[in-house]
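Chemist: The following block contains a protein sequence and its predicted model.
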Amino acid sequence: MTKFRWFILFGPLVLFIGLVGFLLKGLGSDPTELNSALIDEPVPQFEVSDLYDTEVTYDQSVLHEGPLLLNVWATWCPTCRAEHEFLNELASRGVPIVGLNYKDDSREKAVNWLNTLGDPYTVNLFDPQGEVAFEFGVYGAPETYFIDHKGVIRYRHVGDVNERNWSNQLQGIYQQLLEEAE
């Protein structure tokens, strides 16, 4: 009976303290930092068609020509539209970017998007069901993966790539990959 009395008196307090600790831990975390089990692992195997030409298919070897960025995007994604102009700028600076069109229901929509807004991608992969994205562990668009010259995923950025985060962090990661490739 004493154990039951202890639980009635102190059980709710212990549960409350545990809940507060859990919530405080979440307050200190960065929502754009999503861990990926694939960091420092080779890109997953896949086979997918080209966005423009259904007769052309690519596999994971297209990502072994790095260092490069793999940008996951979609026409239905407003944040993808917001980052697109900066991706065009990066491409004009010589940063190779492979585009993975994610869960768009129509090739035509995606092609029109690129024809209208510019095409920063060296290769355009079409993933209408999100199967390739699933293999990468994509939560949603946009996400950008930094892949080294050996086809190994070295960094995952969740959210848009823009001038601020490129200058503050991402450019340094890309520069390191370039130096390692020499």
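Modeler: That came through fine.

Chemist: switch to C-alpha atoms for all contacts and neighbour counts from now on
Modeler: Fine.

Chemist: in terms of contact, does residue 100 touch residue 71 like I think?
Modeler: Yes - taking contacts as CA atoms under 8 Å, residue 100 lies within contact range of residue 71: 6.0 Å.

Chemist: Report the central residue of the chain.
Modeler: Closest residue to the average C-alpha location of the chain: residue 143 at 2.4 Å, with CA atoms, centre = their mean.

Chemist: Which residue, neighbours along the chain excluded, lies closest to that residue?
Modeler: Nearest residue to residue 143, sequence neighbours excluded (CA to CA, 6 or more residues apart in numbering): residue 158, at 4.6 Å.

Chemist: Quickly note the distance from that neighbour to residue 137.
Modeler: Note on residue 158: its distance to residue 137, by CA to CA, to the nearest Å, is 11 Å.

Chemist: Looking at those two, which one has more neighbours?
Modeler: Counted by other CA atoms under 10 Å, residue 158 and residue 137 do not tie: residue 158 has more neighbours, with 19 against 14.

Chemist: doesn't residue 146 make contact with the more buried one?
Modeler: No - using CA under 8 Å, residue 158 makes no contact with residue 146, being 11.5 Å away.

Chemist: Next one, pLDDT for residue 65 please.
Modeler: pLDDT recorded at residue 65 is 87.

Chemist: before we move on, what SS does residue 105 have?
Modeler: Following DSSP: H, G, I helix; E, B strand; the rest coil, residue 105 is assigned to coil.
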